[in-house]
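> fold the following.
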Amino acid sequence: MPLYESVVIARQDISATQVDTLADDLTKIIEENGGSVAKREHWGLRSLTFRIKKNRKGHYVLFNVDAPAAAVSEYERRMRLNEDILRYMTIRVDEHEEGQSAILTNKGRPSGRREGGPGGGGGRFDSGRGRPPRDDAPATTEQGES
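Okay, here's the model as predicted:
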């Protein structure tokens, strides 16, 4: 049977137990149609990059699925009908990853990002404003213009 990975984003205002119930229902859909869920990970409540249906956060759940295409079609159809699901994405993979996903393994580590604040740029460009310096800008010295 083909292997799939599916990530589901549920609304922020449902509880963690409701997310688990939702994940159980989705697992049951796959199993009723002749497939199996090899792994299920709840990534927790995470911030969204942009608002989706007035939500700024969402509960993320990853499924590793081993099922026929008809089971995945029914699984996706039911997710489209469910109001608690904001987005989902299912892709076919050659093999499932062993162990925890990259999201869970990096959860405890610091992100490595620097705190930027007003005037605290640094980044890629020397101007500190987020744009490259102009080539035609007049050269200045430390004491002023020469």
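> show me what the strand ranked longest in the chain is in contact with.
Longest strand of the chain, by residue count under DSSP state E: strand 36-52. Contacts made with strand 36-52 from outside it, assessed by C-beta atoms under 8 Å, 6 or more residues apart in numbering, are listed as 9, 12, 16, 19-20, 23, 27, 30-31, 55-67, 86-87, 96, 100-101, 103-104. (Glycine included, C-beta is placed from N, CA and C.)
> and these, which of them are buried?
When neighbours are counted using 16 or more other C-beta atoms under 10 Å, the contacts of strand 36-52 contain these buried positions: 9, 12, 19, 23, 27, 30, 57-65, 67, 86, 101.
> please name every helix or strand in contact with the strand or helix carrying residue 73.
Counting by DSSP states H and E, the element that carries residue 73 is helix 69-81. For helix 69-81, the helices and strands in contact under the criterion 3 or more C-beta pairs under 8 Å, 6 or more residues apart in numbering; DSSP states H and E are strand 3-11, helix 16-32, strand 55-66, strand 85-93.
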